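Student: return a 3D structure for these sequence lines:
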Amino acid sequence: MKRLNVTFPALAFIFSSFAQAATVEPEYVDHTKLGHKHSEAQLKEMHEHAPDKAKHKNEEEHQEDAGHEHEKSEVEPSEGEEHEQEGAVRLTSTQMRLANVRVSTLTKRSYQSQLYAPGEIKANGYSSYVLSPRVDSIVVKRHATLGQHIKAGAPLVTLFSADVASAQTTYRLTKAEWQRVQKMGKGTVSEKRMLTAKAEFEVAHSQLVAFGLSKQAIAESASIPAKKLGEYTLYAGTSGAILSDSFSQGQRVDAGIELMLIADESLLWVEAQLSANQVIEIAKGAIAKVKVNQRSYPATVIQEAHTIDQVTRSRVVRLSVQNGQHVLHPGMFSDVYFSFSTDQKVLAVPEQALLRNPDGDWAVFVQDEDGELISTEVELGQKFADFREIKGLTEGTKVVTEGAFFVASEQAKGGFDPHNH
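Tutor: Numbering: from 1, shown residues only. Okay, here's the model as predicted:
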């Protein structure tokens with residue numbers, strides 16, 4: 001057998017020729033040449049009806065194509081309709097119940113707006129008592145300790161002062177002289193001498209009072225042993241708890257230095273620091289909320305400073321808070337919330353209903369007439385405790401007030417395209 005050398009281009013030409021011959025339909029067929037026996041009338045009729053059949057076939061194909069196009073237009077939505085439904089979420093009643101999704105109708109109401117300010121618990125300065133020596137002294141003995149609750153008049157600390165010892169000595173001498181002159185009488189002693197003795201005694205007595213000695217201590221100064229001269233005891237001027245005692249026994253203390261601070265903790269102060277730029281009038285007697293360690297306490301505004309702190313650049317609003325259980329203590333930090341009523345009714349939603357949209361703007365989910373939830377941009381207004389005023393929606397609009405995070409997650413899943421189309 002002889003082998004044929006046929007190239008690939010030649011094979012491709014041959015196959016394409018066969019394919020073209022198979023697909024081309026002859027426009028006219030001579031049946032006489034094919035060996036079919038037809039009469040002259042039959043051949044004439046066949047040639048007359050051939051164009052009509054071709055035309056009828058073309059019309060059927062055209063109608064079929066038109067039907068497919070019409071069906072396709074009904075199934076596929078237009079670009080505008082697809083854009084309108086983009087971002088909408090439809091949930092079943094079971095999904096909403098399980099996810100605790102709640103839809104509420106917006107209605108205008110009056111709310112309480114809030115103003116936040118950091119604060120600090122302070123001792124009541126009007127009922128506190130600072131214990132301090134009135135003359136340079138040395139601490140001899142303490143009679144009370146830090147945190148101890150004491151009554152007014154209780155002994156707190158015993159001190160020694162050389163100035164007090166000198167004053168007590170002078171007091172003893174002038175008192176003895178005044179008593180001797182009084183016994184001698186006006187007939188024996190001149191009036192000038194009597195007045196002088198009386199004045200010297202009164203000055204010595206006043207000196208001991210100025211040093212802080214009690215009436216009993218002054219009275220005992222005339223009869224106490226010499227080794228006890230100069231010792232004196234300071235007493236509590238009010239009932240309360242000892243909040244500080246910054247001294248040690250044997251320590252030398254200067255006049256005026258604070259030894260102890262005593263305060264009645266049943267009524268404390270709260271000093272709120274407001275920004276100097278906040279031009280807000282807070283009326284005396286207004287009620288505020290003080291929050292300390294996740295617990296809230298009612299407080300009353302009692303004073304407002306009219307000067308700005310040069311260090312913190314803030315102004316102080318002072319409040320009083322009841323502390324019958326002695327839970328609060330001076331030095332504790334607090335959060336202060338002032339409440340103000342709105343002048344007119346506004347639309348507001350819970351803070352949990354607000355979410356950020358992909359553009360970073362605030363939005364809420366609005367339910368349309370078909371029950372779909374659509375993310376709608378809103379503008380925020382005043383803050384009312386756990387609510388926030390919104391603008392951009394009308395009264396009567398249905399909004400998701402609970403479970404907005406779940407709706408947002410469903411929206412994110414619906415908008416996810418694994419092919420990044």
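Student: what is I242 paired to in the beta sheet?
Tutor: With beta bridges defined as DSSP bridges, I242 has these partners: I262.
Student: same thing with the one 10 residues further on?
Tutor: Listed beta-bridge partners, R252: I138 (assigned using DSSP bridges).
Student: list the contacts for it?
Tutor: 136-139 (CB atoms under 8 Å, 6 or more residues apart in numbering). In short, each C-beta sits where N, CA and C put it, glycine included.
Student: quickly note the distance from it to A217.
Tutor: The gap separating R252 from A217 is 21 Å, by CB to CB, to the nearest Å.
Student: out of the contacts of R252, who has the most neighbours?
Tutor: Neighbour counts for the contacts of R252 peak at S137, which has 28 neighbours (criterion: other CB atoms under 10 Å).
Student: what does the pLDDT read for that one?
Tutor: Predicted confidence (pLDDT) for S137: 96.
Student: that one against S161, yeah?
Tutor: Yes: with contact defined as CB atoms under 8 Å, S137 and S161 form a contacting pair (4.3 Å).
Student: coming back round to it: from the contacts of R252, which is closest to G392?
Tutor: Nearest to G392 among the contacts of R252, counting by CB to CB, is V139 at 70.2 Å.
Student: so where's the stretch 51-200 of the chain uncertain?
Tutor: Low-confidence segments of the stretch 51-200 of the chain (pLDDT under 70): 51-87.
Student: report how many residues lie close to R356.
Tutor: Counted with other CB under 10 Å, residues neighbouring R356 total 10.
Student: coming back round to it: Throw the contacts of R252 into CSV and include distance to V101, thanks.
Tutor: Shown next, in CSV, are the contacts of R252 (distance: CB to CB, whole Å):
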residue, distance to V101
D136, 75
S137, 74
I138, 75
V139, 70
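Student: where does the stretch 301-421 of the chain dip in pLDDT?
Tutor: Within the stretch 301-421 of the chain, the ranges that satisfy pLDDT under 70 run 385, 415-421.
Student: so how far is V400 from the residue nearest the centre of the chain?
Tutor: In the chain, the residue lying closest to the centroid (CA atoms, centre = their mean) is Y116, at 7.7 Å. From Y116 across to V400, the span is 27 Å (CB to CB).
Student: what's the answer for Y111, then?
Tutor: 20 Å.
Student: okay, those two: which has more neighbours?
Tutor: The neighbour count for Y111 versus V400, taken as other CB under 10 Å, is higher for V400 (27 against 21).
Student: I'd say that one and R102 touch.
Tutor: Yes: using CB under 8 Å, V400 is in contact with R102, at 7.1 Å.
Student: nearest residue to D361 in space, please, no chain neighbours.
Tutor: E377 (5.0 Å; CB to CB, 6 or more residues apart in numbering).
Student: ok, now which ones touch the one you found?
Tutor: Each residue near E377 by CB under 8 Å, 6+ apart is listed here: 357, 359, 361-363, 392.
Student: count the residues that sit near the closest residue to V400 other than its chain neighbours.
Tutor: Leaving aside its sequence neighbours, V400 sits nearest to F365 (CB to CB, 6+ apart; 4.0 Å). The local packing of F365 (other CB under 10 Å) involves 25 other residues.
Student: next up, the contacts around V292.
Tutor: By CB under 8 Å, 6+ apart, the contact list for V292 reads 121, 328, 332-335.
Student: which among those residues end up buried?
Tutor: The neighbour-count test (16 or more other CB atoms under 10 Å) marks 121, 328, 334 as buried among the contacts of V292.
Student: right, and the last one touches I121 too?
Tutor: In this case it means S334. Yes: counting by CB under 8 Å, S334 does reach I121; the two are 6.1 Å apart.
Student: wait, isn't P155 in contact with H143?
Tutor: Yes: in this structure P155 lies within contact range of H143 using CB under 8 Å: 4.4 Å.
Student: re earlier: the residue nearest to the centre of the chain bridge partners, please.
Tutor: Y337.
Student: related to what we said a few turns ago, what's the most distant pair in the contacts of V292?
Tutor: The largest separation in the contacts of V292, counting by CB to CB, is between L328 and D335 at 13.2 Å.
Student: so where do the helices sit in the stretch 301-421 of the chain?
Tutor: 404-414 (DSSP state H, counting those that start in this stretch).
Student: show me where it has strands.
Tutor: With DSSP state E, counting those that start in this stretch as the definition, the stretch 301-421 of the chain shows strands at residue ranges 314-322, 333-341, 348-350, 355-356, 362-367, 373-377, 379-384, 387-391, 398-402.
Student: same question for the stretch 101-250 of the chain.
Tutor: So, for the stretch 101-250 of the chain - with DSSP E, counting those that start in this stretch - the strands run 102-105, 112-122, 129-131, 137-142, 149-150, 155-160, 231-235, 240-244.
Student: got the angle between the last one and strand 155-160?
Tutor: Using axes from the mean of the first three to the mean of the last three CA atoms, to 10 degrees, the direction of strand 240-244 lies 50 degrees away from that of strand 155-160.
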